[in-house]
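Colleague: I would like to see how this sequence folds:
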Amino acid sequence: MKYAFAIRLFAIGSLAACAHQQIDVEPQVALPDQFSHTAAAQGSAEIAQWWRAWPDPLLGQLVEQGLAANRDLAATRAKLTAARATAATARADLGPQAAIMGSVGAHNVQLDNPLGSDMRQSLAALNTPLSEDSQRLSGHNSRLGFSASWEPDIFGAKRSDADAANYAALGEAEKWHGAQMLLATDIADHYLQVRALQQRIRSGQNSIATLQQLHRYSQGRFNAGQASDYDVRDIAAKVSALQAQQATLQAQADAHTRILAVLTGQTPQNFTLPAAGTDVLANLPAAPSGQQPVQVLERRPDVRANRAAVQAYSAKLASARADLLPRFDIQFVWQTGRIRLDSDLPAMKGLGGLVSAGVTLPIFTAGRIQRNIDAADARLSAALAQYDHSILNALAEVDSSYQLQYSLHRQNRWLADAAAQAQQQATGADKLFRYGHLTLDRSLSARLNAEDLAERQIQGRLAEAQNLLNIYKALGGGWDGQDAEPAFRQPVKD
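Modeller: The predicted model follows:
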């Protein structure tokens, strides 16, 4: 029963190893039952792949390609894999460690005889090696052994370290989810800007052509003495100003196109954007409906990441507190070996074993452990404050983006009505001019007014589309979180 004490200690450790300190932390934010500005939304509530609800197939293709080929996203995924491996390493430290040891060797030694010549001559009659000037010894040895060690995690220090590593890996997972979300909206944003710029280029070209026609008319009237030089120069200045505005639009569109190539993992010089098959800005989907605060907070990667950070720092605090408690360890070594000399001596062999169990209790550390606990507690408090802030920020972003979307939608409806009326006015003015009831300058001015409203309508639709992307980000859409564990828990009300 020489191992009885170690066996009993091993059994106690096995029963207690699952016990570890747990520090529960919950957000201190009073969560509303619903948002203030989402009730009127009528769009699809499915936002994990929101781009599939848009009427432009090319937009969806670009987003899907970006999620599959984006280099930054691949780097974030690799960091997640590394974090998960680190967490697995921390979990592996909870169990016993075992190893097999083996070695073989040989030796060849030549020793000078320290005895004097008289003594060696005397020993020569006995025919012993000691009568020789030197002695050569050679032989070989081998050894085989087994060792095992285990530190029973009775008070949960190692388990808390493993928990901290696991929550750190969860935080990296949320960074990956967030990267997917931002990538999808970035691709859509640059795509929408390209389409808007293409429309603005066409609208601007029409306006320049109309102004140039008006300039020629004014020049003719000036030549006939019916207009002043001021009128001619005023129109010429407007033509130059509009041409200057148009000069950079194509360069801006090309820059957004190159960014689209980079975001989708393609070489910018070989990337071209096909012509638009539909006017995506004129056919925007409605804002997502059925969104509740708890669902949003469970889905938003930034909130989930901050939740994981709180849990990680909670585990680190538990680990720091466990340093005040005893630590136990169990060691076991067994080995056998053989040594053989090339002489008349018999080979030596044998086996042996060692079992030990120990305990370490800190007595004096000059306050190091307590300072470490204080630091861990402060880091937890900071993480919890950041978590609360991210919840409040998420709640504000949702209502702000929805409210702005309704305002932009109303603005664009009024712009659409104004543009339609202006177009009717321009058509009517052109007919009146052809029948001689209106001068050309008034007809052209009516057309310029319609083209100006068309330009403003393009910009208004782009703003509404971009804000719709902000709604998706505020809701945490753009990544598939169906199998993810909820990261937000509502505080229990008294």
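Colleague: how about the helices in the chain?
Modeller: Taking DSSP state H to define them, one finds helices in the chain at 4-16, 57-69, 71-92, 117-124, 157-223, 229-247, 249-263, 293-299, 301-322, 368-434, 440-475.
Colleague: can you put the ones you listed in JSON lines and add mean pLDDT and distance to Leu351?
Modeller: C-beta: built from backbone N, CA, C; applies to glycine. Written out in JSON lines, the entries for those read as follows (pLDDT from 0 to 100; distance: least, C-beta to C-beta, whole Å):
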{"stretch": "helix 4-16", "mean pLDDT": "41", "distance to Leu351": "19"}
{"stretch": "helix 57-69", "mean pLDDT": "95", "distance to Leu351": "60"}
{"stretch": "helix 71-92", "mean pLDDT": "85", "distance to Leu351": "30"}
{"stretch": "helix 117-124", "mean pLDDT": "63", "distance to Leu351": "37"}
{"stretch": "helix 157-223", "mean pLDDT": "92", "distance to Leu351": "33"}
{"stretch": "helix 229-247", "mean pLDDT": "91", "distance to Leu351": "90"}
{"stretch": "helix 249-263", "mean pLDDT": "96", "distance to Leu351": "66"}
{"stretch": "helix 293-299", "mean pLDDT": "94", "distance to Leu351": "60"}
{"stretch": "helix 301-322", "mean pLDDT": "90", "distance to Leu351": "38"}
{"stretch": "helix 368-434", "mean pLDDT": "93", "distance to Leu351": "42"}
{"stretch": "helix 440-475", "mean pLDDT": "95", "distance to Leu351": "68"}
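Colleague: most tightly packed of those?
Modeller: Mean neighbour counts were compared across the helices of the chain using mean count of other C-beta atoms under 10 Å; the top stretch is helix 301-322, at a mean of 24.
Colleague: quick one, it and helix 368-434 angle?
Modeller: Helix 301-322 and helix 368-434 are oriented at 180 degrees to each other (axes from the mean of the first three to the mean of the last three C-alpha atoms, to 10 degrees).
Colleague: so which elements touch helix 301-322?
Modeller: helix 157-223, helix 368-434 (3 or more C-beta pairs under 8 Å, 6 or more residues apart in numbering; DSSP states H and E).
Colleague: would CSV of those with distance to Arg300 be doable?
Modeller: CSV is the format used below for those (distance: least, C-beta to C-beta, whole Å):
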stretch, distance to Arg300
helix 157-223, 8
helix 368-434, 5
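Colleague: quick revisit: tabulate the helices of the chain (CSV), appending distance to Ala98.
Modeller: Formatted as CSV, the helices of the chain follow (distance: least, C-beta to C-beta, whole Å):
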stretch, distance to Ala98
helix 4-16, 14
helix 57-69, 43
helix 71-92, 12
helix 117-124, 52
helix 157-223, 17
helix 229-247, 74
helix 249-263, 49
helix 293-299, 42
helix 301-322, 25
helix 368-434, 31
helix 440-475, 50
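Colleague: so which of these gets nearest Gly43?
Modeller: With C-beta to C-beta as the criterion, Gly43 lies closest to helix 440-475 of the helices of the chain, at 8.8 Å.
Colleague: does anything pack onto the closest one? Which helices or strands?
Modeller: Using 3+ C-beta pairs under 8 Å, 6+ apart as the contact test, the elements touching helix 440-475 are helix 157-223, helix 293-299, helix 368-434.
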